[in-house]
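J.: Build the 3D model from these lines:
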Amino acid sequence: MFPTLRKLILLVLGIPFVILGTRFLLDAGQSALVHFAAESWKPITVEVLSVEHFSGADQALGNQTVVRYQYEFEGQALEGQFSCIGDECPQTDLHLSLRAAQDEKRPVAALVNPDDPAQSLLYRHLYMPLFLLKAGVGLFCFLTGSVSVIFGVYLLSGAGAAKGGK
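T.: Presented below is the predicted three-dimensional model:
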């Protein structure tokens, strides 16, 4: 009974790693796809509605900037949101420049997807360290979990099960 239980544990512990790895890989892939797709998006100007800047000693990841903006595309009024954390922001004083634009009612450049106008991007910026972290962790978890699941299935039903029964 215990040899079978150990094989089942190996199989069951691998599944969350596969799921977690898949999630990280999909997130990294989506960031890269949006970044490269935005190359062909249409430039527009947006009006900044709000700029929030969170900082403090309790912020584990550093400062966070959250921006809400509105824009019009082909007669349609739409809203978008942009957020970045710490070094991920395209510039260190981003919240100050966007807050100044908001106070002065100055338009800010952005990009909009002509095929899906609800999809917009305030900054076309791929923060490479974060992208590599997501891709690396995702690949590690996915491969580790996959090997664990495959090995667990092999031991339970394949040649490993026949050897264990002798």
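J.: Can you give the domain ranges for the protein?
T.: Taking automatic domain parsing as the domain assignment, the ranges for the chain are 1-40+126-166, 42-112.
J.: can I get the ones you listed in JSON lines with mean pLDDT?
T.: Formatted as JSON lines, the domains of the chain follow (pLDDT from 0 to 100):
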{"stretch": "domain 1-40+126-166", "mean pLDDT": "87"}
{"stretch": "domain 42-112", "mean pLDDT": "84"}
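J.: For Gln119, find the nearest of the ones you listed.
T.: domain 42-112 (7.3 Å; Cβ to Cβ). Where you see a C-beta, it was placed from the backbone N, CA and C, and this is true even at glycine.
J.: What residues sit buried inside the lengthiest helix in the chain?
T.: Secondary structure of the chain per DSSP state H: the longest helix is helix 2-37. Judged by neighbour count using 16 or more other Cβ atoms under 10 Å, the buried positions of helix 2-37 are Lys7, Leu10, Leu11, Gly14, Phe17, Val18, Leu20, Gly21, Phe24, Leu25, Ala28, Ser31.
J.: got it, and stretch 109-121?
T.: So stretch 109-121, judged by 16+ other Cβ under 10 Å, has buried residues Ala110, Leu111, Val112, Asn113, Pro117, Gln119, Ser120, Leu121.
J.: Distance check, the fourth one against His95.
T.: Summarising the geometry, the distance separating Asn113 from His95, computed by Cβ to Cβ, to the nearest Å, is 25 Å.
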